[in-house]
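Novice: Next one to model:
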Amino acid sequence: MQGALYQANNFVWVGTKGRTLKVPANYVYPIAGNEFDFDKLSAIANAPKVFRFKIPFFCGYAALSEITASHIKEYEENPELCEEDFYVPSADDIGKIGYQLRDGNHRTLGAFLAGEPFVYVLVSDIDMQDYNEWVAKGRPSTDRRLKVLQYLDQNLV
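Specialist: Numbering: from 1, shown residues only. Next up, the predicted model:
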C-alpha cells in the first residue's frame with residue numbers, strides 16, 4: 001500500500017491507498033469520553049479563513065459499524081454520551097454505517113466545523129483485518145458484519 005493525497009475543499013488529507021474512506025459529516029462521532037480542546041477545534045475550523053492554501057492533515061482512524069437499534073438505545077439511556085458528540089443517532093439511522101473516530105478527532109471534526117461536507121479517514125486495523133479475511137474467504141454473504149464489509153468493498157479509495 002502506498003501513500004496518497006485526497007483533496008477536499010479547504011484541506012488535503014494524507015492517507016494510504018486502499019485503506020482510506022471518504023466520509024460525510026453525518027454519522028461521524030468521537031469515542032465516548034473523548035476530551036476536546038475547544039481552542040484547537042476553533043483553530044482548525046477557522047484556518048481556511050486565514051490561509052490561502054489547502055491545509056494538509058494526516059488522516060485520523062475510524063472504526064466502522066452498522067447503526068442498530070441497540071446503538072440508539074445506548075445513547076437514549078446514557079445522555080452524557082451526547083454532551084460532546086457531533087452526531088447523535090436516531091431511529092432514522094438504523095442500517096446506516098457509523099464512523100467512530102479513534103484518532104484525529106480534532107482534525108476531522110474541526111474540518112467539518114470549517115464547513116467541509118466530507119473528510120478522509122483511515123480504516124481501523126481491526127476493520128481492515130476483518131475486511132482482508134472476508135475478501136480472502138471469497139466475500140461470503142454469511143458474515144456477521146456483512147454490511148460494513150460490503151461498504152468497505154465499495155468505498156475504499
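
Novice: residues touching residue 26, list them.
Specialist: By Cβ atoms under 8 Å, 6 or more residues apart in numbering, the contact set of residue 26 is residue 87. Quick note: C-beta positions are derived from backbone N, CA and C, even for glycine.

Novice: Tell me if it really is in a helix.
Specialist: No: according to DSSP: H, G, I helix; E, B strand; the rest coil, the state of residue 26 is coil, so it is not within a helix.

Novice: What's the per-residue pLDDT of it here?
Specialist: What the model reports as pLDDT for residue 26 is 83.

Novice: Ok, residue 34 next?
Specialist: pLDDT, residue 34: 78.

Novice: How about residue 122?
Specialist: 98.

Novice: So which helix or strand of the protein has the lowest pLDDT on average?
Specialist: helix 69-77 (a mean of 82; mean pLDDT, DSSP states H and E).

Novice: Pull out the buried residues from it.
Specialist: 72, 75 (16 or more other Cβ atoms under 10 Å).

Novice: got it, and stretch 46-55?
Specialist: For stretch 46-55, by 16+ other Cβ under 10 Å, it's 48, 55.

Novice: pLDDT on that stretch, on average?
Specialist: 95.

Novice: Helix, strand, or coil at the spatially most central residue of the chain?
Specialist: The centre of the chain sits closest to residue 99, judged by Cα atoms, centre = their mean, with a distance of 4.0 Å. At residue 99 the chain is in strand, as set by three-state DSSP.
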